[in-house]
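structure, please.
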Amino acid sequence: MGTQAKLILMRHGQSLWNKENLFTGWVDIPLSSEGIEEALRAGRKMSSWQIDVIFASSLLRAQMTAMLVMSEHKADRMPVIVHSDNEFQKNCFEIHDAKIQEKIIPVYCAWQLNERMYGDLQGLNKQETMDKYGPEQVKMWRRSYDVAPPGGESLKMTADRVIPFFKSHIYPILRAGKNVFVSAHGNSLRAILMFLMQLSSDEVVHLELATGEPIVLIENNGFWVKES
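Numbers count the residues shown, from 1 in each chain. Model prediction:
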């Protein structure tokens, strides 16, 4: 790697369903007012950090978080979502001023970075679900590595889509010496951290990620470590 690149990971701010203690998964819920404030506080913390490329999941709460963070940024550059699913979209969203193009921070939105899909639990109250099935069963669905909730994904299944995407789309940008900001979800970010920090399946399920708190990683002699 020519220059030491930074990877900034952040779990989105509190969503409306986080606030209501509901299983969210892939249901496309926006941030709560508290989540908006969390994202803005993170943005102020990150306001002087160099950010070259942004990735977010396809879900609104992650995209809102990324844009709110960047609304506090001091650099004379602006985040722009890249729409490139087909040639028609590429042409429609093309920028025709080279000076403006240089001020753009590309934002790529990818379903592969989405939260773990919770299947039949989506929309259910977490406490009521524990009352119905028992706390041990719900803990197994939420905190085991390879047990999926009914109709949903396990953390292993989530990692199986997140890690290949990270290797093919994000890691090459880091290798080129550019700083990448990823705004995503607790479980998709756990998968990235498991891969980069070589965590075991037991270690990763006990990894807690606070909402709206940036985690900065740098590569040191082939190992990725958290920057203090």
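
tell me the helix or strand right after the helix or strand where Ser188 lies.
Using DSSP states H and E, Ser188 maps to helix 186-197. As assigned by DSSP H and E, the chain's next helix or strand after helix 186-197 is helix 201-205.

how far does stretch 208-224 sit from its chain's centre?
12 Å (Cα atoms, centre = their mean, to the nearest Å).

if we can go back for a sec, which parts of the helix holding Ser188 are buried?
186-196 (16 or more other Cβ atoms under 10 Å). C-betas here are computed from N, CA, C, even on glycine.

turn those residues into a markdown table, columns for distance to Glu213 and pLDDT.
Below are those laid out as a markdown table (distance: Cβ to Cβ, whole Å; pLDDT from 0 to 100):
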| residue | distance to Glu213 | pLDDT |
| --- | --- | --- |
| Gly186 | 11 | 96 |
| Asn187 | 16 | 97 |
| Ser188 | 16 | 98 |
| Leu189 | 11 | 98 |
| Arg190 | 14 | 97 |
| Ala191 | 18 | 97 |
| Ile192 | 15 | 98 |
| Leu193 | 13 | 97 |
| Met194 | 18 | 97 |
| Phe195 | 20 | 96 |
| Leu196 | 17 | 96 |
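
could the C-alpha coordinates of the helix holding Ser188 be exported in CSV?
Extracted in CSV, the C-alpha atoms of helix 186-197 (Å, rounded to 0.1, in the frame of the first residue of the first chain):
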residue,chain,number,x,y,z
GLY,A,186,-24.3,-3.8,13.5
ASN,A,187,-24.2,-7.2,11.9
SER,A,188,-22.7,-6.2,8.5
LEU,A,189,-20.0,-4.3,10.3
ARG,A,190,-19.3,-7.2,12.6
ALA,A,191,-18.7,-9.3,9.5
ILE,A,192,-16.1,-6.8,8.2
LEU,A,193,-14.4,-6.6,11.6
MET,A,194,-14.3,-10.3,11.9
PHE,A,195,-12.6,-10.6,8.5
LEU,A,196,-10.1,-7.7,9.1
MET,A,197,-9.2,-8.4,12.7
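
who does that helix touch, helix- and strand-wise?
strand 6-11, helix 155-165, helix 201-205, strand 215-220, strand 223-226 (3 or more Cβ pairs under 8 Å, 6 or more residues apart in numbering; DSSP states H and E).

hey, which of these is tucked in deepest?
Mean neighbours per residue, mean count of other Cβ atoms under 10 Å, is largest over the helices and strands packed on helix 186-197 for strand 6-11, with a mean of 23.

so what's Phe165 closest to, chain neighbours aside?
Take Phe165 and drop its neighbours on the chain: the residue closest to it by Cβ to Cβ, 6 or more residues apart in numbering is Gln112, 3.8 Å away.

per-residue confidence at the residue positioned nearest the centre of the chain?
Centroid-nearest residue in the chain: Ala184, 1.4 Å away (criterion: Cα atoms, centre = their mean). pLDDT, Ala184: 98.

what's across from it in the sheet?
Arg11 (DSSP bridges).
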